[in-house]
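Undergrad: Sequence first, predicted coordinates after that:
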Amino acid sequence: MIWVLLKGLAVGIAVAAPVGPIGLLCIKRTLDRGWATGVASGLGVAAADASYGLMVAAGLSATGLLLAYATPMQLAGGLLIALLGLRALWTGFTRPPDHAARGGAGGGLPGAFASAYLLTIANPMTILTFAGLVAGLGATAAEQPGAVYVLVAGVFAGSLLWWVFLTSATALARSRLTPGLIRALDLASGGALFLWGLWIAWSALGAA
């Protein structure tokens, strides 16, 4: 089982590492509200990945149901990301520059977790990754049914490990940045989230 756990850890890191809209959101929240909020967001992403993994482990019926609603879920997720980006742009332009340096004390942690979880769940194509992983276990999964759950636990741990690393590095950089630069980065990330969300929504409409 050890190699299954290690495989899950490696896959969790590999899946989480590419910087997409969710990664950008975690970076922005860390810059804006501190390390705890960034980690709470990362925990939400890791929990969503684990949820998809458990659905695959439970059977293909759940997988087929999610994929049947892939387009509306992707559309909703894209619009929500765009709205978060628009909100970030609005607050970035309207608040005092020194507010970015103070940030927050990590408030709103449940909201940060829940929103990151829902945004990740809104990308049901992630479930195909876990379906491939489960199939790749081959004989090990057949002989030891619990192996698939060990794999999911490894993916969760690997994903969470990456988010803790990313938010810690961002928080360390944040402490060395000037308020003006933090505000500029905040605005840039908000604009990127807005455009990224629109692209995701447009792609969903094109696939409909």
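TA: Arrived safely. Numbers count the residues shown, from 1 in each chain.

Undergrad: who does the host helix or strand of residue 3 touch, helix- and strand-wise?
TA: Taking DSSP states H and E as the criterion, the element that holds residue 3 is helix 2-16. Helices and strands touching helix 2-16, by 3 or more CB pairs under 8 Å, 6 or more residues apart in numbering; DSSP states H and E, are helix 35-58, helix 126-137, helix 147-174. The way it works is simple: take the backbone N, C-alpha and C, and place the C-beta from them, glycine included.

Undergrad: Between helix 147-174 and it, find me the angle.
TA: If you take axes from the mean of the first three to the mean of the last three CA atoms, to 10 degrees, helix 2-16 sits at 40 degrees to helix 147-174.

Undergrad: surely residue 38 meets residue 24?
TA: No - with contact defined as CB atoms under 8 Å, residue 38 does not reach residue 24; the gap is 11.5 Å.

Undergrad: Between those two, point out the one with more neighbours.
TA: Set residue 38 next to residue 24 and count neighbours by other CB atoms under 10 Å: residue 38 wins out with 29 against 18.

Undergrad: got the contact list for the more buried one?
TA: Listed by CB atoms under 8 Å, 6 or more residues apart in numbering, the contact set of residue 38 reads 26-27, 29-30, 163, 166-167, 170-171.

Undergrad: lowest average confidence, helix or strand, in the protein?
TA: Sorting the helices and strands of the chain by mean pLDDT, DSSP states H and E puts helix 99-102 at the bottom, at a mean of 50.

Undergrad: Low-confidence stretches in this protein?
TA: Across the chain, the ranges flagged by pLDDT under 70 are 57-69, 95-107, 124-143, 145, 207-208.

Undergrad: ok so, going back, report the angle between the axes of whatever helix or strand comes next after the helix holding residue 3 and helix 2-16?
TA: Of the helices and strands lying after helix 2-16 in sequence (DSSP H and E), the nearest is helix 21-33. With the same axes, to 10 degrees defining the directions, helix 21-33 sits at 70 degrees from helix 2-16.

Undergrad: Helix 21-33 - contacts with which helices or strands?
TA: Here helix 21-33 touches helix 35-58, helix 70-94, helix 109-121, helix 147-174, helix 179-207, going by 3+ CB pairs under 8 Å, 6+ apart.

Undergrad: Neighbours of residue 17, how many?
TA: For residue 17, the count of nearby residues is 15 (other CB under 10 Å).

Undergrad: And it, its phi and psi?
TA: phi -60, psi -40 (degrees, to the nearest 10).
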